[in-house]
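Trainee: with the input below, show me the fold.
(chains A and B)
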Amino acid sequence: MVKKIYFQSIFFSFFFIKEAFAAESGGMPQLNPEFWVSQIFWLILTFGVMYLVLSKIILPKISNNLESRKSQILENIEAAEKQREDGDAKLKEYDEIISESKLEANSIFNQAREKALKDIGAKREVLDKQIDDEISEAEKEIDALRKNAPDKINKIAIETSSELLQKLIGAEVNNSSISAIVDDLYKRNGDKYYGN
Amino acid sequence: MAANPMSQFDVYRIGPEIKVGAFDISFTNASLFMILSTVSVLLIFNLGSKKNSILPNKIQLLAELSYTFVSKMISDTAGSKAKPYFAFIFSLFMFVLFCNMFGMIPYTFTVTSHIIVTFTLAAFIFIGVTVIGFIKHGFGYLKLFVPSGVPAVLLPLIVVIEIISYLSRPISLSVRLFANMMAGHTMMKVFGGFVISLGIVGGWLPLSFSVALTGLEILVAFLQAYVFAILTCIYLNDALNLHH
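Mentor: Predicted coordinates for the structure are as follows:
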């Protein structure tokens, strides 16, 4: 669309040009040779100066700038690469140190634990022994008490019986006869009363 | 002056008439704009190459981008053998580009809209390329006109066509640039004239066209400079690396 309009307008403008030719009789100024030599002369002069200055002074400088930038960037990249490698090595070292110290810490912890366990075991043994001693002592005491208990009970029974009898019948009763009866009962029913 | 769309191409003398022998080499408006273009190119690229900082400033970036752009264009089309001609092609591209761009400023003169200027450049390129071709390959350069793999029956015809196409290179090269610049500028002038003649009521349409055309013409100005330079590279490539 734009192209079409463009070409149409060019076509149209040529119409205009024709009219202008008719009107001014000068025609296209481009075809007037009056200043051709002048234009060629100035073209060679300016273009020549431009070519000489560009090729001898400016372009080498630009190319130099570009080269030096390129090399500097490459150098910087190399340096950065090296630093990165150094960093990687350091990171590895650091990781190794970390893992080593972790292992060490583990071993120290284990040692401490073992030691603590040992200590606890020793203390527990001592305590167990002490407790066992105390228990056996107490058991002995209980045994002694248990052995003495029937005698005491018998005595109490005899005393109580004599007292009761005295209160009931108002007469003194011979203790020995009562004790004989208690002994006889004890012998018959002792197992029933005292367990064991 | 304003009414005629061709009057913008008029060349007129500035200052006194200078004559060397029978030749008139007076300073004209064309000379003025050639000098302006040259001075601007040299100024910009001088500023752009002065300092060498790792992080380039804007003008240095511009200069270096142009440098790499042209150098890539040459290495892409003509290969590494064309390196000695880099400065010439770079100057050619910059000269044509700046002349074209200066022409885009209202009331200026477009140097490249004159056939004699473009033809001088094209003829110089044509002769230079031919000389380079004969220096590099001797008479073997004539093999350029004999493409390989053509049936023997067709060969006379093909050779004639090749010779004509080779000889028409300077004409096509110069007329392409000149006609593009002239047509574009004439058209802009014509649309500008329409804006005036249609006035406040109908002038908006040609005005919007003018705006669009200005953008198009700036593109054309760049594109024609690029085409001029790249065709030079292609011709150079023919002379340096004989492919046929």
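Trainee: does any part of the helix or strand hosting A:L145 sit near chain B?
Mentor: Using DSSP states H and E, A:L145 sits within helix A:59-169. Yes: under the criterion of Cβ under 8 Å from any Cβ of the partner chain, helix A:59-169 makes contact with chain B via A:59, A:61-66, A:68-69, A:72-73. C-beta: built from backbone N, CA, C; applies to glycine.
Trainee: mean confidence (pLDDT) on the following helix or strand past that helix, please.
Mentor: Using DSSP H and E, the helix or strand that follows helix A:59-169 in sequence is helix A:175-194. Averaging pLDDT along helix A:175-194 yields 74.
Trainee: sec struct for the residue in chain B that chain A sits nearest to, please.
Mentor: As assessed by Cβ to the nearest Cβ, chain A sits closest to B:A87 within chain B, at 3.3 Å. Following DSSP: H, G, I helix; E, B strand; the rest coil, we place B:A87 in the helix state.
Trainee: once you drop chain neighbours, what's closest to whichever residue of chain A sits closest to chain B?
Mentor: Residue nearest to chain B within chain A: A:S55 (3.3 Å; Cβ to the nearest Cβ). Sequence neighbours aside, B:A87 is the residue nearest to A:S55 in space, at 3.3 Å (criterion: Cβ to Cβ, 6 or more residues apart in numbering or on different chains).
Trainee: follow-up on the earlier one: of the residues of helix A:59-169 next to chain B, buried ones?
Mentor: In the residues of helix A:59-169 next to chain B, burial by neighbour count holds for A:59, A:61-63, A:65-66, A:69, counting by 16 or more other Cβ atoms under 10 Å in any protein chain shown.
Trainee: now flag whichever of these is closest to B:I158.
Mentor: Nearest to B:I158 among those: A:L59, at 40.1 Å, using Cβ to Cβ.
Trainee: just checking, what packs against the longest helix that chain B contains?
Mentor: Identified as the longest helix of chain B according to DSSP state H is helix B:204-240. If you count contacts as 3 or more Cβ pairs under 8 Å, 6 or more residues apart in numbering or on different chains; DSSP states H and E, helix B:204-240 packs onto helix A:2-24, helix B:58-78, helix B:86-103, helix B:115-137, helix B:169-202.
Trainee: with adjacent residues omitted, what lies nearest to the residue lying farthest from the centre of chain A?
Mentor: What lies farthest from the middle of chain A is A:A171; by Cα atoms, centre = their mean that is 96.1 Å. Leaving aside its chain neighbours, A:A171 sits nearest to A:L165 (7.6 Å; criterion: Cβ to Cβ, 6+ apart).
Trainee: count the neighbours of that neighbour for me.
Mentor: Using other Cβ atoms under 10 Å in any protein chain shown, A:L165 has 14 neighbouring residues.
Trainee: just to check, A:L54 is in contact with B:L43?
Mentor: No: at 11.9 Å, A:L54 does not count as touching B:L43 under the criterion of Cβ atoms under 8 Å.
Trainee: between those two, which one's more packed in?
Mentor: More crowded of A:L54 and B:L43, by other Cβ under 10 Å: A:L54, with 24 against 11.
Trainee: state the distance from the more buried one to B:I35.
Mentor: 15 Å (Cβ to Cβ, to the nearest Å).
Trainee: B:V159 now?
Mentor: 44 Å.
Trainee: swap in B:V150?
Mentor: Distance of B:V150 to B:I35, given as Cβ to Cβ: 49 Å.
Trainee: show me what contacts B:V129?
Mentor: B:V129 sits next to B:232, B:235-236, B:238-239 when contact means Cβ atoms under 8 Å, 6 or more residues apart in numbering or on different chains.
Trainee: quick one: residues contacting B:N180.
Mentor: Applying Cβ under 8 Å, 6+ apart to B:N180 gives the contacts B:220, B:224.
Trainee: could you do the one 4 residues further on as well?
Mentor: B:G184 is in contact with B:213, B:216-217, B:220-221, counting by Cβ under 8 Å, 6+ apart.
Trainee: just the helices and strands packed on helix B:204-240: most buried one?
Mentor: Sort these by mean neighbour count, taking mean count of other Cβ atoms under 10 Å in any protein chain shown, and helix B:86-103 sits at the top with a mean of 23.
Trainee: now the angle from it to helix B:169-202?
Mentor: Here helix B:86-103 runs at an angle of 20 degrees relative to helix B:169-202 (axes from the mean of the first three to the mean of the last three Cα atoms, to 10 degrees).
Trainee: output the below-cut-off pLDDT ranges for the chain.
Mentor: Went with chain A since none was named. For chain A, the stretches with pLDDT under 70 are A:1-26, A:190-196.
Trainee: wait, chain B was what I had in mind.
Mentor: Confidence mapping of chain B against pLDDT under 70 gives the ranges B:1-3, B:244.
Trainee: mind running it again at 80?
Mentor: B:1-3, B:52-54, B:243-244 (pLDDT under 80).
Trainee: count the neighbours of residue 28 for me.
Mentor: Unless you meant another one, I'm taking chain A. 15.
Trainee: if you could check chain B rather than the one you did, that'd help
Mentor: 22.
Trainee: assign a three-state SS to the closest residue to it other than its chain neighbours, would you?
Mentor: In space, and not counting its chain neighbours, B:T28 is closest to B:V11: 5.0 Å by Cβ to Cβ, 6+ apart. Recorded secondary structure, B:V11: coil (three-state DSSP).
Trainee: touching, B:V11 and A:W36? I think so.
Mentor: No: the pair B:V11 / A:W36 is not scored as a contact, 9.2 Å apart, by Cβ under 8 Å.
Trainee: so which strand or helix has B:N4?
Mentor: Residue-wise, B:N4 maps onto no helix or strand under DSSP H and E.
Trainee: burial count for it?
Mentor: Using other Cβ under 10 Å, B:N4 is surrounded by 20 other residues.
Trainee: also A:L43?
Mentor: Residues near A:L43, counting by other Cβ under 10 Å: 23.
Trainee: also B:A221?
Mentor: The burial count for B:A221: 25, using other Cβ under 10 Å.
Trainee: ok, for A:V37, nearest residue in space, not its chain neighbours?
Mentor: Using Cβ to Cβ, 6+ apart and skipping residues adjacent in sequence, the residue nearest A:V37 is B:F23, 4.5 Å away.
Trainee: now do the contacts for the one you found.
Mentor: B:F23 touches A:37-38, A:41, counting by Cβ under 8 Å, 6+ apart.
Trainee: got a winner among the residues you listed for most neighbours?
Mentor: A:S38 (22 neighbours).
Trainee: list the contacts of that one.
Mentor: A:S38 touches B:11, B:23-28, B:30-31, counting by Cβ under 8 Å, 6+ apart.
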